[in-house]
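please work out how this folds:
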Amino acid sequence: MDWQDQGIVLSAARFGESDAILDVLTERHGRHLGLLKGGLARSRRADIQTGNLVSLEWRARLADQLGNYTLELARPYAALALDSRGALAGLAAAAAVATASLPEREPHPNVFEATGILIETLTGAPLTTAAAVYVKWELGLIQDLGFGLDLASCAVTGVTDDLTHVSPRTGRAVSREAAAPYGDRLLPLPGFLLGRQAGEADGPAIAAGLRLTGHFLDQSVLAPHGRVIPAARGIFVDLVAKSLLNRVL
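Numbering: from 1, shown residues only. Down below sits the predicted model:
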């Protein structure tokens with residue numbers, strides 16, 4: 001058994017003296033593990049940092065075996081993020097959330113494409129922009145796993161405009177008028193998730209977006225499998241919040 005693909009490195013775990021077990025989000029084969037001989041040698045260590053884009057080949061005698069990777073570095077995103085705490089934290093958060101959420105060997109090409117866009121943004125754009133894209137990435141991940149939110153119309157009245165909240169139970173949007181009697185029992189819905197002006201992705205909107213996607217990641221994706229929100233996501237959320245408060249986004 002063998003295949004070739006491109007992938008984004010999620011993590012590398014030591015195996016023996018210098019080998020590594022790589023967890024890679026591939027374009028056509030989903031989240032896939034494999035053994036990389038000599039992966040932790042000094043000459044190869046930089047190639048398998050979290051967030052790097054790699055071209056790889058996987059080989060195994062049987063399809064259900066761990067198998068072996070050979071790879072070449074295609075884009076050193078981890079190195080591009082070294083000068084930015086926000087970029088490094090965002091890479092770690094995305095990798096941890098993808099690892100916790102995605103089943104092994106289940107193709108999710110949309111998630112792969114969106115992760116590439118997210119990494120490009122994290123390593124090349126201001127944190128305000130990157131954090132907004134991160135929220136959209138989590139929303140897309142939730143949807144691709146079959147738990148998409150219904151933000152097209154109000155769950156109560158059916159109207160399609162002035163949608164301001166989301167039901168934390170059903171994931172359906174609620175209009176401003178219909179939400180009024182329920183106060184803080186609903187989750188705020190930031191306008192930038194509805195395709196409105198990019199300028200609306202300000203500090204409060206990003207914070208609301210992270211709270212929204214975090215709730216459904218926990219409730220719909222992770223908790224049913226006995227998993228919890230990864231600590232790396234919390235670190236990124238805290239960093240974004242502090243940056244917003246200090247107005248350095």
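
where exactly do the strands run in the chain?
Counting by DSSP state E, one finds strands in the chain at the ranges 2-15, 19-26, 30-36, 53-59, 68-75, 163-166, 173-175, 187-188.

any chance of those strands in a markdown table, plus mean neighbour count and mean pLDDT?
(C-beta placed from N, C-alpha, C; glycine too.) Compiled in a markdown table, the strands of the chain are given as follows (neighbours: other CB atoms under 10 Å; pLDDT from 0 to 100):
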| stretch | mean neighbour count | mean pLDDT |
| --- | --- | --- |
| strand 2-15 | 18 | 97 |
| strand 19-26 | 22 | 98 |
| strand 30-36 | 21 | 98 |
| strand 53-59 | 18 | 97 |
| strand 68-75 | 17 | 97 |
| strand 163-166 | 23 | 96 |
| strand 173-175 | 24 | 96 |
| strand 187-188 | 19 | 96 |
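
spatially nearest residue to the most centrally placed residue in the chain, not counting backbone neighbours?
Among the residues of the chain, the one closest to the centroid is Ala94, at 3.7 Å (CA atoms, centre = their mean). Spatial nearest neighbour of Ala94, chain neighbours left out: Leu118 (5.9 Å); criterion: CB to CB, 6 or more residues apart in numbering.

can you check Phe236 too?
Distances taken as CB to CB, 6+ apart put Ala93 closest to Phe236, at 3.8 Å, once the chain neighbours are dropped.

number of nearby residues for that neighbour?
Here the count is done by other CB atoms under 10 Å, and Ala93 has 26 residues near it.

quick one, grab the pLDDT at it.
Reading off the per-residue confidence, Ala93 sits at a pLDDT of 98.

show the contacting residues for the residue nearest to the centre of the chain.
Counting by CB atoms under 8 Å, 6 or more residues apart in numbering, Ala94 touches 51, 115, 118-119, 122, 134, 137.

could you report the pLDDT at Asp202?
For Asp202, pLDDT reads 86.

and the gap between it and Ala178?
25 Å (CB to CB, to the nearest Å).

which of those two has more residues huddled nearby?
For Asp202 and Ala178, the more surrounded residue by other CB under 10 Å is Ala178, and the numbers stand at 20 against 15.

isn't that one up against Val156?
Yes: if you go by CB atoms under 8 Å, Ala178 and Val156 touch, sitting 3.9 Å apart.

name the residues that touch stretch 173-180?
Stretch 173-180 is contacted by residues 149-157, 159, 161-167, 182, 186, 189 when judged by CB under 8 Å, 6+ apart.

so which of those residues sit within helices?
Among the contacts of stretch 173-180, none falls in helices (DSSP state H).

just the buried ones among those, please.
Among these, those classed as buried by neighbour count (16 or more other CB atoms under 10 Å) are 149, 151, 153-155, 163-167, 186, 189.

max pairwise distance over these: which two?
Set against one another by CB to CB, the buried ones among the contacts of stretch 173-180 have their most distant pair in Ser153 and Leu186, with a gap of 15.4 Å.

just the pLDDT at the residue located most distally from the centre of the chain, thanks.
When distances are taken from the C-alpha mean of the chain, Pro181 lies farthest, 33.6 Å away, according to CA atoms, centre = their mean. Predicted confidence (pLDDT) for Pro181: 93.

list the contacts of it.
Contact analysis of Pro181 by CB under 8 Å, 6+ apart lists nothing.

relative to Val174, how far out is it?
As for Pro181, its distance to Val174 is 10 Å (criterion: CB to CB).

and what of Gly86?
The value you get for Gly86 to Val174, if CB to CB is used, is 32 Å.
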